[in-house]
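Participant: No sequence on hand, only this structure:
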């Protein structure tokens, strides 16, 4: 069955713009989480959605937001882009919320470059 | 606050060797620990998941162990191959999220 699909794979944006990234989880998975990966900070948790509700949020400013649709697909949005937002954004899906008992599967990521 | 450390940061070994990657964490109140592999420019591939009640998991040439009381996990790779070259990340599953180590960049030399 298909894995976690993220679009777009690569994008370049200008400071001050906004960006929307999309994630389609594995069929049947209802939880979607987002992580940011940078060389300096490594992988950091952004937020988790389950059944269209945000369950948890990491320590990121309000410029980072997300949502989940009834088909479990998720989008994340970053407004007023800053150079430091350049990163690989990874989406992960799992059957249930949280990490207990869950194998978490990641997509290929969306590479965002802010210039 | 959970902190996860992976040592060494980089490792280079000749093909065929058996090797061990280390992961340590500060808070033993975990649900599970998961090992991932990341190839350059790619996402994460799940290798092994160890539940907090388990001591080890095996998949092919890979064996992962978990000692919650000491806050340690190891990933053992047997008979290493050039295709094993990648960055290996361990992630501790807490109540809400995965907390990742910085990874070990592994190079297997033919």
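Facilitator: It's in. On a predicted model such as this, the values are computed, not experimentally measured, just so you know. Residues are numbered from 1 along each chain as shown, chains lettered A, B, ... in the order given.

Participant: Quick check: residue B:14 vs residue B:79, distance?
Facilitator: Using CB to CB, to the nearest Å, one gets 12 Å for the distance from residue B:14 to residue B:79. The way it works is simple: take the backbone N, C-alpha and C, and place the C-beta from them, glycine included.

Participant: chain center to stretch B:82-91, what's the gap?
Facilitator: 8 Å (CA atoms, centre = their mean, to the nearest Å).

Participant: Now do the phi/psi pair for residue A:83.
Facilitator: When read as degrees, to the nearest 10, the backbone of residue A:83 gives phi -60, psi -40.

Participant: For it, which non-adjacent residue is closest in space?
Facilitator: In space, residue A:83 comes closest to residue A:114 once its chain neighbours are excluded; the distance is 5.3 Å by CB to CB, 6 or more residues apart in numbering or on different chains.

Participant: How about residue B:107?
Facilitator: In space, residue B:107 is closest to residue B:12, 4.3 Å off (CB to CB, 6+ apart).

Participant: neighbours of that neighbour, just the number please.
Facilitator: Here the number of neighbours of residue B:12 (other CB atoms under 10 Å in any protein chain shown) works out to 11.

Participant: Touching the host helix or strand of it from outside, list them.
Facilitator: Element membership of residue B:12 [criterion: DSSP states H and E] is strand B:10-14. Surrounding strand B:10-14, the residues in contact under the criterion CB atoms under 8 Å, 6 or more residues apart in numbering or on different chains are B:19, B:21, B:80, B:104-109.

Participant: swap in stretch B:58-65?
Facilitator: Residues contacting stretch B:58-65 (CB under 8 Å, 6+ apart): B:33, B:35, B:47-48, B:50, B:55-57, B:73-79.

Participant: go on, stretch A:107-115?
Facilitator: A:3-15, A:19, A:21, A:23, A:37, A:78, A:81-93, B:41-43.

Participant: Using neighbour counts, trim those residues to the buried set.
Facilitator: Buried subset of the contacts of stretch A:107-115 (neighbour count, 16 or more other CB atoms under 10 Å in any protein chain shown): A:3-4, A:6, A:13, A:19, A:21, A:23, A:37, A:78, A:81, A:85, A:87-93, B:43.

Participant: Who is the residue of chain B found nearest chain A paired with across the strands?
Facilitator: Proximity of chain B to chain A (CB to the nearest CB) peaks at residue B:93, 3.2 Å away. Beta bridges link residue B:93 to residue B:32, residue B:98 when assigned by DSSP bridges.

Participant: how far away is residue A:59 from residue B:46?
Facilitator: Residue A:59 is 25 Å from residue B:46, by CB to CB.

Participant: Then residue B:81?
Facilitator: From residue B:81 across to residue B:46, the span is 19 Å (CB to CB).
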